[in-house]
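Trainee: how would this look folded up:
(one chain, ligands or ions: 1)
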Amino acid sequence: MICEICNRKLARGYCAICGKLVCEEDSEMIGFARICLDCLKSQPELRNYNNFKKYLASKSRLTSFSSVQLTKVFSRISHKFRSDPVYIHIGIDDTDSPYGMCTTYLGALLFERLLEIGDPVDYPLLIRLNPNIPAKTRGNGAVALRFRTNLDKFDSVREITVNLISSYSHAFFGKTSPALIIYITDEFYIDKNLYEIYLNSIRDVTPFSYLNKKLKGITHGNIEIYATKTNSRGIIGATAAIGAVLSDFTYELLVYRKKERLSSPRFIDANSVYEMDKIYASFTFDNIDDGRLLIAPVGPDPVLFGIRGDYPDKILEAFKILRHEDFSLWALFRSNQGTHGHVVKIDSPNEARPHQTIMLPVVAIDVTKKEDTLFINAVNAEWSITGRIFKMQRELQHYAKHLMEGDKILVIGSVHSRQGNKLILNIEEFITINLQPEVELRNPICPFCGSRLKKKSKYTYFCPSCRKTFPHLKKLVILHPRKGLLERKRYESPPRAHRHLTLPSKRLIFRARKLSGLDKPYLIYPMIGRSKNFKPRYIGEIRELSIR
Ligand code: ATP
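Mentor: I've put the predicted structure just below:
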């Protein structure tokens, strides 16, 4: 994805004022947001972070904004359905702006509304896509909903869905290009082209040329796309969300704020989060780290907090422990978060592309530090690799410091740049494969009495007990296992530096159970609500979506 100002360099994000995708050189970070140099030139006061925060707050207080009308920009009818009921899959993306809104919130509102018309065959799905896409607002999330209903209800589903997404999306912001996909099948399957769009969008950049080719290749099911134009960017994420089939999966309960509180600071009792984290340590992840509440986002979006974990009922129990401000709605999503789906295994840096997250074998040369950033300098064949580890990942820096020349490791990180034979990565984790032993040289031992010999000249030693001299001896080489690092171990970033897709090590056992089919996904009731007054109960297994 290229900078829309210089049209040359890789874009790193978008301008929070005008919405253009911009490179590092044509923008500046003001706090957590990126602003392009053109906007800073016309509004220099925004360079001051406090002024920028006031600007954001004034925008996010806007309660009435012009809604957009989404219209049908693509449809593909593969066949007429005879069977009833049918399965309706809805994908939504790109509805928010730096001033508020969140696609998951619209997904939850829509899910609640559609419960009146059809039966959910899955939880609402929170699908994270490639975390390195510069067009993302926060976590590059899209939403899919899957319902079973009678064919004669399809028109009302369509009308409710199009109206809701049209009226709530922040399409007034330059970057926001909302999209909605409605896909209908007679059995519980998806076309393989949709699955391929998902796989590509979680691991790479999905250009419109690829997307359109796949959409035209759909031979199973009928698809309709609603957006403001044929190349609205949101179409990519919304289609990818429908195509998600999850062999490993987690859940996140998202709790949404009351409208009147949106511009005030979030109130969550930190002690209650510590209590919850202690009781549900093995079933939930990324709750709290280094005194930071990771469950709560920063900024003006409607999410109060989210609890991530492996089992839906455990998450609902954890929710009851938390003390916080009044909320308007909660919804339990099934997700690909914490599953490592974004990592592409490659053997040579030749295969690495910008915006990907790769896993690559390298041999370490040394480790250096400049200001707060640590650099793993390494090689792979004729390539030189630099892996950057930032201040926020200080625990990972601590382990990386122990790497020595000749150590074979796998580095996992996002591709920052690739030029000539030089690859720069932002390291997310590393795995030790083969570590050089620590070498100790000691004087030899006397063959007669076992005492440690003393050195007399370059190759001559003598025994202090027997007083014998031994010419032509060399030092003993003693190999010790390495201090500070273990072989074949994963060294991951601390939770506060996790991407949404990062696999937390504490999940490894649950991941294995899910991948092997030991733990199947199941539905519980309720999966959405407006109060904490509920008693979860099991409804049944979730049938695996097949790919045709
Ligand atoms: P939120 O989580 O609140 O919805 P976000 O961080 O998900 O915000 P979006 O506003 O959805 O960000 O913007 C991401 C945009 O990037 C969307 O238009 C989406 O379609 C697009 N996109 C996502 N993944 C890819 C990809 N792999 N290739 C190209 N475009 C992508």
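Trainee: who touches stretch 24-35?
Mentor: The contact list for stretch 24-35 (C-beta atoms under 8 Å, 6 or more residues apart in numbering) reads 3, 5-6, 9, 12-17, 22, 36-38, 40, 46-47, 49, 52-53, 56, 98, 298-299. No exception for glycine: its C-beta is placed from N, CA and C like everyone else's.
Trainee: now the residue in the stretch 251-400 of the chain that the ligand sits nearest to: which helix or strand?
Mentor: Relative to the ligand, the nearest point of the stretch 251-400 of the chain is residue 301 (6.4 Å; C-beta to the nearest ligand atom). Using DSSP states H and E, residue 301 maps to neither a helix nor a strand.
Trainee: excluding chain neighbours, what is closest to it?
Mentor: Here the nearest residue to residue 301 in space, its sequence neighbours aside, is residue 102; by C-beta to C-beta, 6 or more residues apart in numbering that works out to 4.5 Å.
Trainee: likewise for residue 429?
Mentor: Closest to residue 429 by C-beta to C-beta, 6+ apart is residue 492, at 4.3 Å.
Trainee: again with residue 170
Mentor: In space, and not counting its chain neighbours, residue 170 is closest to residue 97: 3.7 Å by C-beta to C-beta, 6+ apart.
Trainee: may I have the beta-bridge partners of that neighbour?
Mentor: residue 100 (DSSP bridges).
Trainee: dump the residue contacts of it.
Mentor: Neighbours of residue 97 in contact, by C-beta under 8 Å, 6+ apart: 19, 137, 170, 172-173, 175-176.
Trainee: take the residues you listed and keep only those in strands.
Mentor: In strands, judged by DSSP state E, none of the contacts of residue 97 are found.
Trainee: farthest pair in those?
Mentor: Farthest pair in these (C-beta to C-beta) is 137 and 172. Separation: 14.3 Å.
Trainee: compare the two (neighbour count), which wins?
Mentor: Between residue 137 and residue 172, residue 137 has the larger neighbour count (other C-beta atoms under 10 Å), namely 23 against 14.
Trainee: phi, psi of the residue nearest to the more buried one when sequence neighbours are not counted?
Mentor: If the residues on either side of it in the chain are set aside, residue 137 comes closest to residue 96, at 5.2 Å by C-beta to C-beta, 6+ apart. The phi/psi pair for residue 96 (degrees, to the nearest 10) reads phi -110, psi 180.
Trainee: residue 220 against residue 186, yeah?
Mentor: No. Between residue 220 and residue 186 there is no contact under C-beta atoms under 8 Å: 9.2 Å.
Trainee: in contact with the residue in the chain positioned nearest to the ligand, which residues?
Mentor: For the chain, the residue closest to the ligand is residue 237, as judged by C-beta to the nearest ligand atom, at 3.0 Å. When contacts are counted by C-beta under 8 Å, 6+ apart, residue 237 is found next to 91, 93-94, 127, 129, 140, 142, 179, 201.
Trainee: show the subsequent helix or strand relative to the worst-scoring helix or strand of the chain on mean pLDDT.
Mentor: Across the helices and strands of the chain, mean confidence by mean pLDDT, DSSP states H and E is lowest for helix 49-60: a mean of 83. Moving toward the C-terminus from helix 49-60, the next helix or strand (DSSP H and E) is strand 71-76.
Trainee: where do the helices of the chain begin and end?
Mentor: With helices called from DSSP state H, the chain shows them at 37-42, 49-60, 103-114, 154-168, 192-203, 208-216, 234-242, 270-279, 312-321, 394-400, 508-515.
Trainee: which other helices and strands contact the longest one?
Mentor: Spelled out, it's helix 154-168. strand 86-93, helix 103-114, strand 179-185, strand 222-227 (3 or more C-beta pairs under 8 Å, 6 or more residues apart in numbering; DSSP states H and E).
Trainee: and the ones you listed as a markdown table, adding mean pLDDT, distance to residue 380 and mean neighbour count?
Mentor: Formatted as a markdown table, those follow (pLDDT from 0 to 100; distance: least, C-beta to C-beta, whole Å; neighbours: other C-beta atoms under 10 Å):
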| stretch | mean pLDDT | distance to residue 380 | mean neighbour count |
| --- | --- | --- | --- |
| strand 86-93 | 97 | 36 | 26 |
| helix 103-114 | 97 | 38 | 23 |
| strand 179-185 | 96 | 39 | 25 |
| strand 222-227 | 96 | 41 | 23 |
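Trainee: can you redo those as TSV with distance to residue 453?
Mentor: Below are the helices and strands packed on helix 154-168 laid out as TSV (distance: least, C-beta to C-beta, whole Å):
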stretch	distance to residue 453
strand 86-93	74
helix 103-114	72
strand 179-185	79
strand 222-227	82
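Trainee: picking that back up, okay, the helices of the chain, which one's buried deepest?
Mentor: Burial of those is given as mean neighbour count (mean count of other C-beta atoms under 10 Å); helix 234-242 ranks first at a mean of 29.
Trainee: ok, back up a step: what sits closest to the residue of the chain closest to the ligand if chain neighbours are left out?
Mentor: Excluding the flanking residues, the one nearest residue 237 by C-beta to C-beta, 6+ apart is residue 93, at 3.2 Å.
Trainee: that neighbour and residue 169, how far apart?
Mentor: Separation of residue 93 from residue 169 (C-beta to C-beta, to the nearest Å): 10 Å.
Trainee: now the common contact residues for these two.
Mentor: Listed as contacting both residue 93 and residue 169 by C-beta under 8 Å, 6+ apart are residue 178.
Trainee: dump the residue contacts of the closest residue to residue 94 other than its chain neighbours.
Mentor: Among residues not flanking residue 94 along the chain, residue 234 sits closest, at 3.0 Å (C-beta to C-beta, 6+ apart). Counting by C-beta under 8 Å, 6+ apart, residue 234 touches 92-95, 176-179, 227.
Trainee: try it again at 10 Å.
Mentor: Applying C-beta atoms under 10 Å, 6 or more residues apart in numbering to residue 234 gives the contacts 70, 91-95, 103, 135, 142, 165, 169, 171, 176-181, 225-228.
Trainee: for the ligand, tell me which of the residues you listed show up nearby.
Mentor: By C-beta under 6 Å from any ligand atom, the members of the contacts of residue 234 lying near the ligand are 93-94, 103, 135, 177.
Trainee: farthest-separated two in these?
Mentor: Using C-beta to C-beta, the two most remote members of those are 103 and 135, lying 13.1 Å apart.
Trainee: could you tell me which residues touch both of the two?
Mentor: 94, 234, 237.
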